[in-house]
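Participant: just a sequence and a predicted model for now, questions to come.
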Amino acid sequence: MNEADSLKACKCAECGRVYFPERAICTECGSDKPMLECAVKGPGQLYSYSIIHAAPKQFSPPYAVGYVDFPGDVRVLGQIVGWGDNSLHQGVEMTIEHGTIAKEADGSFRESFVFRPIN
Amino acid sequence: MFGEANVYVLGGAMTPFGKHLNKSAEVLAQTAVMDALKDADVGRSEIGAAYIGSVYQGSLSGQRVLKDLGMTGIPIYNLENACSSGATALSQACLAVAVGQVDTALVVGVEKLSARGSGPLALDTGDPEIEQGLTMPALYAMRTRAYLDKYGGRMDQVVQVTVKNRKHAAKNQYAQFRTLCTVDEVLASRPIADPITLLQMCPNADGAAAVIVSRKPPKSSARKNVRVLSSVVTSGKFSQGFRDLTVPEISIRAARSAYEMAGIGPHDVDLAEVHDAASIAEVIYYEALGFCQPGEGLSLLERGETTIGGKIPVNPSGGLLCRGHPLGATGVAQVVEIMWHLTGRAGERQVEGAKIGLAHCTGGGIWGVDNGACSIHVLGV
């Protein structure tokens, strides 16, 4: 489970590139040495977003997704909570939280990191 | 393109694109194949190899098409590269012909999406962005927003792509959506992923297209000889960090290769069929293909330069937006359209004096890559 305000990421033992989600092989340098654990901490910067109205069954439109950029050149696509009219635009700072993002076919809920704009 | 070899496009054909509920994918493809053979004046037995592009039609799609035409027994290659499947099939046919592995090859692109239901195409699971709730329209929506944030501009300008492509499709008997529409109608259509509305996204469609390529020139000299001047397929580079959504690196790279191979520049292109899966995509591709400077796409569009009659007509067929987008068929249909213009057979859509045409398509959106695939073919007379 991720920390309340960070993402559980990994770092290449060879070249230091940070990845979220975690991966086994570094796509930058090709190293397959075991990755080191590291945390990607907020706040991040919103690059772009969209309010989705048509989506697969497990999601509940309207909901917002966006690309948030974090230090260390990590970009993450996530759902955004707490968006009101006009609260989202490029450059807005976002914190990392956790929440429910989908309802699976078997009725269970999908939990994940989510982003919230900082006012 | 490949040394001294010439690769001729002897002929081609396509079915109308749209919902063909009562025709199987095989029947659609067979119609396109039979019409292409007639158009090329080539007999079944002259086809030495067949290349089939489709995404969802299942295993051995080529064999299922050609078996009923009595055309199996030759090498059949079934290729998939998402929306670039048809163009990828063409690229491999061109390669085989150029090196002399086969004299004359058949290329088919086919897709039947109507059987899969309506709504956005379900993308593969295991993709972390899909797991979060990203959809293809939402990705294009973010691209739209990033473009307007970077260069300025308004949605009423962006949606002029749909309005223009409807004007073109109105003259295309093979197109799915042929009624004219206004900027207001596009903006007022159903919201899909803000700021993208339904009429800014290409429709699901069924259809097939086929071309015949050969190292031998056409038997008849009645038409100009159409040659493949370049054939490019590439894949997106994986990137997990910051990337500018308005700069489609894969298409820029593919275009550079295509121009180099053909020994031409963007100003030499008389018409282009590009991957307008969403309105914003066409604007971004004007820039990626070098038809204007970065940031000038909306201006090029508004001035009418990409409308038939303008400096660089784009998507005279109506494009993916209005001709329709049966995934595997699109790449081949783009080439059929260009072939028609280069041989003076595009009817009311004819781009006058067309000598060089460019077909560009991209394939899929999977996490971390701008696009999974891109294919560009340049044809010339």
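Facilitator: Looks like it arrived, so ask away.
Participant: what about the spatially most central residue of chain B, helix or strand, and which?
Facilitator: Here the mean C-alpha position of chain B is nearest to the C-alpha of residue B:331 (CA atoms, centre = their mean), at a distance of 3.7 Å. Taking DSSP states H and E as the definition, one finds residue B:331 inside helix B:327-342.
Participant: show me what that helix is packed up against.
Facilitator: Packing contacts for helix B:327-342, counted by 3 or more CB pairs under 8 Å, 6 or more residues apart in numbering or on different chains; DSSP states H and E, involve strand B:8-14, strand B:49-53, helix B:85-98, strand B:104-112, strand B:206-214, strand B:271-273, strand B:356-363, strand B:373-380. (C-beta placed from N, C-alpha, C; glycine too.)
Participant: now the shortest one: average pLDDT?
Facilitator: Per-residue pLDDT values over strand B:271-273 give a mean of 98.
Participant: now do the last one
Facilitator: Predicted confidence along strand B:373-380 averages 97 (mean pLDDT).
Participant: outline the domain layout of the chain.
Facilitator: Unless you meant another one, I'm taking chain A. Domain ranges of chain A: A:1-41, A:42-119, per automatic domain parsing.
Participant: switch to chain B, that's the one I care about
Facilitator: According to automatic domain parsing, the ranges for chain B are B:8-116+B:205-226, B:128-202+B:229-380.
Participant: is chain A contacted by the shortest one?
Facilitator: No: Domain B:8-116+B:205-226 is not in contact with chain A by CB under 8 Å from any CB of the partner chain; minimum separation 13.1 Å.
Participant: correct me if wrong: residue B:208 contacts residue B:28.
Facilitator: Yes: between residue B:208 and residue B:28 there is a contact at 4.1 Å, judged by CB atoms under 8 Å.
Participant: pLDDT below threshold where in chain A?
Facilitator: The model of chain A has pLDDT under 70 over residues A:1-4.
Participant: who in it is up against chain B?
Facilitator: Contact residues (CB under 8 Å from any CB) of chain A with chain B: A:19-21, A:27, A:47-56, A:59, A:63, A:65-67, A:69, A:73-75, A:77-79, A:89-90, A:101-102, A:110, A:112.
Participant: quick revisit: would a markdown table of the domains of chain A with mean neighbour count be doable?
Facilitator: Shown next, in a markdown table, are those (neighbours: other CB atoms under 10 Å in any protein chain shown):
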| stretch | mean neighbour count |
| --- | --- |
| domain A:1-41 | 15 |
| domain A:42-119 | 18 |
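Participant: next, format those as CSV and append distance to residue B:6.
Facilitator: Below are those laid out as CSV (distance: least, CB to CB, whole Å):
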stretch, distance to residue B:6
domain A:1-41, 40
domain A:42-119, 45
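Participant: spatially nearest residue to residue B:310 (excluding sequence neighbours)?
Facilitator: Nearest residue to residue B:310 in three dimensions, chain neighbours excluded: residue B:304, at 4.9 Å (CB to CB, 6 or more residues apart in numbering or on different chains).
Participant: what's the host helix or strand of residue B:184 packed up against?
Facilitator: For residue B:184, the host element (DSSP H and E) is helix B:183-188. Packing partners of helix B:183-188 (3+ CB pairs under 8 Å, 6+ apart): helix B:155-158, helix B:160-169, strand B:196-197.
Participant: need those in JSON lines with distance to residue B:287, mean pLDDT and mean neighbour count, can you?
Facilitator: JSON lines is the format used below for the helices and strands packed on helix B:183-188 (distance: least, CB to CB, whole Å; pLDDT from 0 to 100; neighbours: other CB atoms under 10 Å in any protein chain shown):
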{"stretch": "helix B:155-158", "distance to residue B:287": "14", "mean pLDDT": "98", "mean neighbour count": "19"}
{"stretch": "helix B:160-169", "distance to residue B:287": "13", "mean pLDDT": "98", "mean neighbour count": "25"}
{"stretch": "strand B:196-197", "distance to residue B:287": "19", "mean pLDDT": "98", "mean neighbour count": "28"}
